[in-house]
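# Starting from these lines, generate the structure:
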Amino acid sequence: MATENYSELSPGAEELQLVEGFRRILSAPAGPTHTMARARPGNDFRGYAEGWWTLSWWRRPLEETPPLEWETHPVPARALTAFYFVGASSNTSYNVYPPNQARLLVNGDYALTFDLGVRTAMAWQADDFRLEFTPKRVQMPADGYHRQHEMHGNSGIYRLTVPAHRVTPQEPLRLRVDLETPQAGTVSFFMIKDRQDTLEVSAHTNADQIAQLQDDVTQLRRVVNALSKRLYPELFPERVSSKQMILYHHGRDHCNDLDIALADDGEIMLAFRQAAEHVAPHGKAILVRSGDEGQTWNPEDAQVIAHFPWPFDIRVPVFHRLGGGNWLLSILIYRNHDQSGERIEPLASRNDFETWFLRSVDDGRSWTIDSQKLDSGPLTDATVMAPAVRLPTGRLLLPVSSCLSEPLSASLFASDDEGQSWHFHASIGEVPSQYTAIYPETTLARAPSGRLIALIRIVDGNHLQSSSVDDGKTWTPWEETPMPSFGHRARLLTLSSGEILCSYGWRCRREDGLDDLGSIKLALSRDEGRTWLAQDRRILRDDFLNWDIGYPVTIELPDGRLFTAYWGNQMERFYIGGNLYERW
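The predicted structure is shown next:
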């Protein structure tokens, strides 16, 4: 039994027995066994360890939501006891006071209230109990980690001191943490880590800490590198000279899945999803406008154009031009969340992916939703990720992805009545078996000669391309392009010059070995998509520190300049960004 002198806190006590404060989890609303895609405990000061945390901020509590409760190791004897455990909590936001707090319960009884996200050593005491926290690793907004999928938080060692009459020999304690109501607009969580050697000081534990310190130094250098590249753009000829701006942000809400279009009245329309997180229910489709070619945007004029009941999520708003101020806007309705808001695996049998259309007859100022969803016809599901293309006959061709079928595929639907009805037109092709795809998101463009070009997203390589010369009835086999995909969709645009512009992004996932800065990229084809030459591939920006960025969309302004919109995140804030630039 480990002991130490503790007379300064308990007069008359000569020894304090030390006990590991975590042995096993009893219940938790969130943790590594839950189905939430990619949400996982982050690293603490010794690297990665499994962890369980309080109810995630993007979810709703249910009557049966379990508390975060765990069991300590047994207590050797009835004596003054200090329990040591490793925990982490959400970093306290700047300019927020008081900090978020949590309540600690011991064997079901309230013990004390403590602060979350502190970055300095602190102690809290109430009656019989004292809780001390020694920070060992802090997560700062500038670090560039993902707040949902890399939940590092501020981690360290907690020491809970319990008097002798509160412990039973050979029995563990039950410890429970409940969150207090968080401050508005903040992220709040507490996480207990699966470490049962907190008291150990050895070459092994020291090596763990050194390895994590080395990793943190590497991340620090990535941050410095991102800042440095912004200071010397003239040293990188592949970078496009542009005016960069933030078009929209809303506190700590996540903004993503955007589209942008030039309205018939000359204004720019921007539509996107806004929700609590990248993977969270209850998203809504927002529309904002700019009347000065993207120079200014008024977030106070933001319009909620679609919002479905909890726990449905809205994704991928896409503009489809009909002409004369008439528009369609397709949206994807996700049904793959349970009633608490936890993500579950999507199933075709539940119709978890549904595409709906909204209509506007006043250049996007007001919208009504169709009474029927898009009929997927012979496909398992029909998901729309890019605008329809109009043929000279007036027919609209809609690129459609089948995301829940096996194998995954891309197809075309057609409409001869301005999108009032759609029917299956042709299959572009299944994703070849040698590639991995999750969502084969499809984009379509029509070249001046009538040649159609389609690109799809894959996980483990470059975008795949197919083409058609008979109005989409038949398609060539998929071929790899030089543009990396790695889980990032592209968007094609036919310019007034007849050239084809591809806007795409580069997502850096450190866990996948793609330890690079995230970027927004452009590629130009001067021969209707047959080649994408290296000298015509450019970087718009490359200073993002994590993967949750991108899906850029480009429009051509009347004077020939280009405007590219995308989403990004820095300082734990998500936003819609834009760059205005001349064509090279």
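
# Dump stretch 121-139 to PDB, restricted to CA.
C-alpha atoms of stretch 121-139 as PDB (Å, rounded to 0.1, in the frame of the first residue of the first chain):
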ATOM      1  CA  ALA A 121      -3.300  23.600 -10.700                       C
ATOM      2  CA  MET A 122      -6.500  24.000  -8.600                       C
ATOM      3  CA  ALA A 123      -8.200  22.500  -5.600                       C
ATOM      4  CA  TRP A 124     -11.800  22.400  -4.400                       C
ATOM      5  CA  GLN A 125     -13.000  21.400  -0.900                       C
ATOM      6  CA  ALA A 126     -16.400  20.900   0.600                       C
ATOM      7  CA  ASP A 127     -16.900  19.300   4.000                       C
ATOM      8  CA  ASP A 128     -15.200  15.900   4.100                       C
ATOM      9  CA  PHE A 129     -13.900  16.000   0.500                       C
ATOM     10  CA  ARG A 130     -11.000  17.600  -1.300                       C
ATOM     11  CA  LEU A 131     -10.400  17.400  -5.000                       C
ATOM     12  CA  GLU A 132      -7.100  18.600  -6.500                       C
ATOM     13  CA  PHE A 133      -6.200  18.800 -10.200                       C
ATOM     14  CA  THR A 134      -2.600  19.000 -11.600                       C
ATOM     15  CA  PRO A 135      -2.700  19.800 -15.300                       C
ATOM     16  CA  LYS A 136      -0.300  17.900 -17.500                       C
ATOM     17  CA  ARG A 137      -1.500  18.800 -21.000                       C
ATOM     18  CA  VAL A 138      -3.800  21.500 -22.200                       C
ATOM     19  CA  GLN A 139      -5.600  21.900 -25.500                       C
END
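
# Quick one: mean pLDDT for it?
Averaging pLDDT along stretch 121-139 gives 96.

# Go through it and flag the buried ones.
Buried positions in stretch 121-139, judged by neighbour count with 16 or more other CB atoms under 10 Å: Trp124, Phe129, Arg130, Leu131, Glu132, Phe133, Pro135, Lys136, Arg137, Val138, Gln139. All C-beta atoms are positioned from the backbone trio N, CA, C, and that covers glycine.

# Same question for stretch 97-109.
Result for stretch 97-109 [16+ other CB under 10 Å]: buried residues Pro99, Asn100, Gln101, Ala102, Leu104, Leu105, Val106.

# can you redo the residues you listed as JSON lines with distance to Leu444, secondary structure and pLDDT?
Formatted as JSON lines, the buried residues of stretch 97-109 follow (distance: CB to CB, whole Å; DSSP: H, G, I helix; E, B strand; the rest coil; pLDDT from 0 to 100):
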{"residue": "Pro99", "distance to Leu444": "50", "secondary structure": "coil", "pLDDT": "93"}
{"residue": "Asn100", "distance to Leu444": "47", "secondary structure": "coil", "pLDDT": "95"}
{"residue": "Gln101", "distance to Leu444": "52", "secondary structure": "strand", "pLDDT": "97"}
{"residue": "Ala102", "distance to Leu444": "50", "secondary structure": "strand", "pLDDT": "98"}
{"residue": "Leu104", "distance to Leu444": "56", "secondary structure": "strand", "pLDDT": "98"}
{"residue": "Leu105", "distance to Leu444": "57", "secondary structure": "strand", "pLDDT": "98"}
{"residue": "Val106", "distance to Leu444": "61", "secondary structure": "strand", "pLDDT": "98"}
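
# which one of these is nearest Val201?
Leu104 (25.5 Å; CB to CB).

# surely that closest one meets Phe114?
Yes: with contacts counted by CB atoms under 8 Å, Leu104 reaches Phe114, the gap being 6.3 Å.

# Now for these two: what residues contact both?
Leu131 (CB atoms under 8 Å, 6 or more residues apart in numbering).

# quick one: pLDDT of the residue lying closest to Gly185 once chain neighbours are set aside?
In this structure, Gly185 finds its nearest non-sequential neighbour in Gly251, 4.7 Å apart by CB to CB, 6 or more residues apart in numbering. Gly251 carries a pLDDT score of 89 in this model.

# Distance-wise, check Gly251 relative to Ala414.
Distance of Gly251 to Ala414, given as CB to CB, to the nearest Å: 42 Å.

# more neighbours, those two?
Between Gly251 and Ala414, counted using other CB atoms under 10 Å, the more crowded position is Ala414 (18 against 9).

# Output the contacting helices and strands for whichever strand or helix holds that one.
In this structure, Ala414 is located in strand 409-415 according to DSSP states H and E. Secondary-structure packing of strand 409-415 (3 or more CB pairs under 8 Å, 6 or more residues apart in numbering; DSSP states H and E): strand 396-402, strand 423-430.

# okay, those in TSV with mean pLDDT, distance to Pro440 and mean neighbour count next?
Output for the helices and strands packed on strand 409-415, formatted as TSV (pLDDT from 0 to 100; distance: least, CB to CB, whole Å; neighbours: other CB atoms under 10 Å):
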stretch	mean pLDDT	distance to Pro440	mean neighbour count
strand 396-402	97	5	27
strand 423-430	97	9	18
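
# nearest to Thr355, of those strands?
For Thr355, the closest of those is strand 396-402, at 8.1 Å, according to CB to CB.

# got a list of contacts for that closest one?
Under CB under 8 Å, 6+ apart, the answer for strand 396-402 is 320, 376, 379-386, 388-391, 408-416, 418-419, 422, 425, 428, 439-444, 452, 454, 456, 471-472.

# Selection in PyMOL covering whichever of those are buried, please.
PyMOL command restricting the contacts of strand 396-402 to the buried ones, with burial defined by 16+ other CB under 10 Å:
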select buried, resi 320+376+379+380+381+382+383+384+385+386+388+389+390+408+409+410+411+412+413+414+415+419+422+425+428+439+440+441+442+443+444+452+454+456+471+472
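
# ok so, going back, the strand holding Ala414 pairs with which strands?
strand 396-402 (antiparallel), strand 423-430 (antiparallel) (DSSP bridges).

# So which residues make contact with it?
374, 377, 379, 382, 388, 395-402, 421-431, 440, 442, 444, 454, 456, 466, 472.

# hmm, try it at 7 Å
Identification of contacts with strand 409-415 by CB atoms under 7 Å, 6 or more residues apart in numbering yields 379, 382, 395-402, 421-431, 440, 442, 454, 456, 472.

# Can you name the secondary structure element that comes next after the helix or strand of the chain with the lowest mean pLDDT?
Lowest mean confidence among the helices and strands of the chain (mean pLDDT, DSSP states H and E): strand 2-4, at a mean of 48. Using DSSP H and E, the next helix or strand after strand 2-4 towards the C-terminus is strand 16-20.

# CA atoms only for that following strand, dumped as PDB, please.
In PDB, the C-alpha atoms belonging to strand 16-20 read as follows (Å, rounded to 0.1, in the frame of the first residue of the first chain):
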ATOM      1  CA  LEU A  16      -2.400   8.900   3.800                       C
ATOM      2  CA  GLN A  17      -3.100   5.700   1.800                       C
ATOM      3  CA  LEU A  18      -3.000   6.100  -1.900                       C
ATOM      4  CA  VAL A  19      -5.400   4.200  -4.200                       C
ATOM      5  CA  GLU A  20      -5.900   4.000  -7.900                       C
END
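
# so where's the stretch 301-450 of the chain shaky on pLDDT?
By pLDDT under 70, the stretch 301-450 of the chain contains no weakly predicted segment.

# contacting residues around stretch 240-254?
Stretch 240-254 has contacts (CB under 7 Å, 6+ apart) with 185, 187, 255, 270, 274-278, 288, 297, 299, 522, 538-541, 565, 573-581, 584.

# Show me those residues that map onto strands.
255, 270, 274-275, 288, 522, 538-541, 565, 573-581 (DSSP state E).
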